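# please find the sequence and the predicted model below.
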Amino acid sequence: MLYALMFIGLAFVVCGVFLQRKWLWFLASALTFAGFFYVSQGTLLLFLIFVLGIILIIAELYIPDFGILGLLGLAALMASLFLNGQTIEQIILLLLGGLVVIVALGWLFIRADKTVNIGPGLVLETALDEQSGYQSHRDYSDLTGQIGIAITDLRPVGRGEFAGQAYQVNSIEAFIAQGSTIQVQRVSQGSIYVRSVQNG
């Protein structure tokens, strides 16, 4: 029961990242996580620490900071679970199971041409303004097949440079590191999908 609540909550978080009506998905996830801590007789403080960890991990998708936010978020998750009475073995099982849920759902959304849905006001949207070379509402079909460079980590969203121009791109792989050579595989509904290619 506890594990099911945790995994369902993480599934709602993934839906919130990829789909519209973010507030609804994130509210559902918060309620589900609250249920987890209620059933396990956890405190409000531990629940808030856990939610903070989730927020930091989500922020990692949008802010290129060498993984600092993600590590802090993971530490907050582990601390809240440990202080809530879970054993190290249970925490590892929860994290591994959660990772499977996140990767599986993320893969399904990417395969369905869904991208990380960046709402107005989020950091990445500001970073990808005209000064950084990003242009919205344009047909990018001419980029198909072009080879460029990832100028930020793609997790899976980030920026890629093609012929001196920067674009918001979406990796069809789990992760592509900054500086990797990438190639545009397809363009769908104004979104650019890339994958890494081997140099030489």
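Thanks, I have it.

# doesn't residue 16 make contact with residue 22?
Yes. The pair residue 22 and residue 16 passes the contact test of Cβ atoms under 8 Å, sitting 4.8 Å apart. Glycine gets a C-beta too; all of them are placed from N, C-alpha and C.

# looking at the two now, which is surrounded by more residues?
Under the neighbour definition other Cβ atoms under 10 Å, residue 22 and residue 16 were set side by side, and residue 16 has more, 21 against 17.

# next up, the contacts around the more buried one.
Applying Cβ atoms under 8 Å, 6 or more residues apart in numbering to residue 16 gives the contacts 22, 24-26, 29.

# which of those residues sits closest to residue 166?
The shortest separation between residue 166 and any of the contacts of residue 16 is 25.4 Å, and it belongs to residue 22 (by Cβ to Cβ).

# so what does the lengthiest helix in the chain touch, helix or strand wise?
Selection of the longest helix in the chain by residue count, based on DSSP state H, yields helix 88-111. Taking 3 or more Cβ pairs under 8 Å, 6 or more residues apart in numbering; DSSP states H and E as contact, the helices and strands that helix 88-111 lies on are helix 2-18, helix 68-83.

# now those helices in JSON lines, with mean pLDDT and distance to residue 173?
Shown next, in JSON lines, are the helices and strands packed on helix 88-111 (pLDDT from 0 to 100; distance: least, Cβ to Cβ, whole Å):
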{"stretch": "helix 2-18", "mean pLDDT": "89", "distance to residue 173": "16"}
{"stretch": "helix 68-83", "mean pLDDT": "91", "distance to residue 173": "18"}
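
# could you say which of those is packed most deeply?
Greatest average neighbour count among the helices and strands packed on helix 88-111 goes to helix 2-18 (a mean of 19), per mean count of other Cβ atoms under 10 Å.

# in the protein, what helix or strand scores lowest on average pLDDT?
Counting by mean pLDDT, DSSP states H and E, the chain has its least confident helix or strand at helix 123-127, which shows a mean of 43.

# give me the helices and strands touching the following helix or strand past it, please.
Toward the C-terminal end, the helix or strand that comes next after helix 123-127 (DSSP states H and E) is strand 147-150. The elements that strand 147-150 packs onto, with contact taken as 3+ Cβ pairs under 8 Å, 6+ apart, are strand 157-162, strand 181-188, strand 191-196.
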